[in-house]
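Peer 1: Give me a model of this one.
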Amino acid sequence: MNFDVSGRLARPIVLSMLAAAAFSALGQEPIKTMPDTAANADVPRGIHWKNDPQSIAVPGSVAAQRAAAEAQLHAGVAARPSGKTLTYYGGPIVKNIKVIQVLYGSGTYQSFVQGTGSGTMSAFYGGVVGSPYFTWLNGDYGTGSGKTTQSIGYGSFAGQVTITPSSARNGSTITDAQIQAELAAQISAGHLAAPNANTYYAVFFPKGKSINQGGSNSCVSGGFCAYHGTVAGSSATWTYGVHPDNSAGSGCDAGCGASTPFNNMSSVASHEMIETVTDPDVGLATTYASPLAWYNRTYGEIGDICNAQQGSIVGTDGVTYTVQKEWSNSQSICRLQ
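Peer 2: Purely as a prediction, here's the structure:
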């Protein structure tokens, strides 16, 4: 998880000690909280937290804790490379992720979110899921890891869908439980394609919507940029990612990347997508065991360790996209391909 929200076991990147979370009947993922106290039981998470000076200044925020942990690591208090190794806990991974981009109702979206042509998130997903960004993952976290017989291959993009949420689940503040319930209702009504183990609904929101996940809010100081979660449905367990608007004045225009709005959004989205591949059921995990897959008890998930470290990748469409680097167990570095 970047310092936005991201995936199942919360993934606040560097300090991460997971706080106990209240899971909804649908399998809500707990929010990742760093302190390891009696009140915060060991529960993994999948969140991409903000990482700007204002967030670092908030006492007890994930950003503040991460900055303190990094300072200790740089001072030699802990072994930096080896301490970031992801452990395999026996859970599932996603073999061939199938991304469906979901626009959450009407409203004002940034053009690169709502559009489907060149320079949009639709083009990003379509170009990146079959690119070298995915090529190395099987060697580190699939069959090549020696830890699992499950494989990781290229993904696919199944297009963009705009849904019409129930008014009861589409206020100015929308909770994670409401998002899960709305996606489930849209699937049941046939407005979203039925999921399987590979399905990932990448959900985007219009300007003016605040997302609440486990008591934390999107885009505020000390809050998150994005996250990924898990739902145990009646016919399949499926995953989703939550991406708040990052336009000027949103709050996510700071602390969620240092490039252009489109590049920052694609970087955050890549963070959540790859964490979904390597740790899809983090939202269902209640301890450091299956269904948790690849996770580090201190740093979180594969993207959290490299939070906000941007790079570029050439997609299968020949276009260069901004993505976040991901942690490599085999090389002990943050890498792109």
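
Peer 1: Help me confirm that Ser250 is found in a helix?
Peer 2: No: going by DSSP: H, G, I helix; E, B strand; the rest coil, the assignment for Ser250 is coil, not a helix.

Peer 1: Just the buried residues of stretch 212-219, please?
Peer 2: Under the neighbour-count criterion of 16 or more other C-beta atoms under 10 Å, stretch 212-219 has Asn212, Gln213, Gly214, Ser216, Asn217, Ser218, Cys219 buried. (Glycine included, C-beta is placed from N, CA and C.)

Peer 1: Next, count neighbours for Asn170.
Peer 2: Residues lying near Asn170 (other C-beta atoms under 10 Å) number 20.

Peer 1: so it sits right up against Tyr104, yeah?
Peer 2: Yes: using C-beta atoms under 8 Å, Asn170 is in contact with Tyr104, at 7.4 Å.

Peer 1: anything in contact with each of these two?
Peer 2: Glu182 (C-beta atoms under 8 Å, 6 or more residues apart in numbering).

Peer 1: show me the contacts for Lys147.
Peer 2: For Lys147, counting by C-beta under 8 Å, 6+ apart, the contacting residues are Tyr88.

Peer 1: Going forward, count from 897.
Peer 2: Got it, the first residue is 897 from now on, which makes the last one we talked about Lys1043.

Peer 1: what is the mean pLDDT for stretch 1031-1044?
Peer 2: Mean per-residue pLDDT for stretch 1031-1044: 98.

Peer 1: Out of the helices and strands in this protein, which is least certain?
Peer 2: strand 900-906 (a mean of 37; mean pLDDT, DSSP states H and E).

Peer 1: Next secondary structure element downstream of it?
Peer 2: The element immediately downstream of strand 900-906 (helix or strand, assigned by DSSP states H and E) is strand 941-945.

Peer 1: next one: that following strand to chain centre, how far?
Peer 2: 6 Å (C-alpha atoms, centre = their mean, to the nearest Å).

Peer 1: same question, stretch 993-1003
Peer 2: With C-alpha atoms, centre = their mean, you get 15 Å for stretch 993-1003.

Peer 1: same thing with stretch 1049-1064?
Peer 2: In terms of C-alpha atoms, centre = their mean, the centre of stretch 1049-1064 is found 16 Å from the chain centre.

Peer 1: Okay, buried residues for that stretch please.
Peer 2: Buried positions in stretch 1049-1064, judged by neighbour count with 16+ other C-beta under 10 Å: Gly1049, Tyr1050, Gly1051, Phe1053, Ala1054, Gln1056, Ile1059, Pro1061.

Peer 1: What of stretch 1075-1091?
Peer 2: Ile1075, Gln1076, Ala1077, Glu1078, Leu1079, Ala1080, Gln1082, Ile1083, Leu1088, Pro1091.
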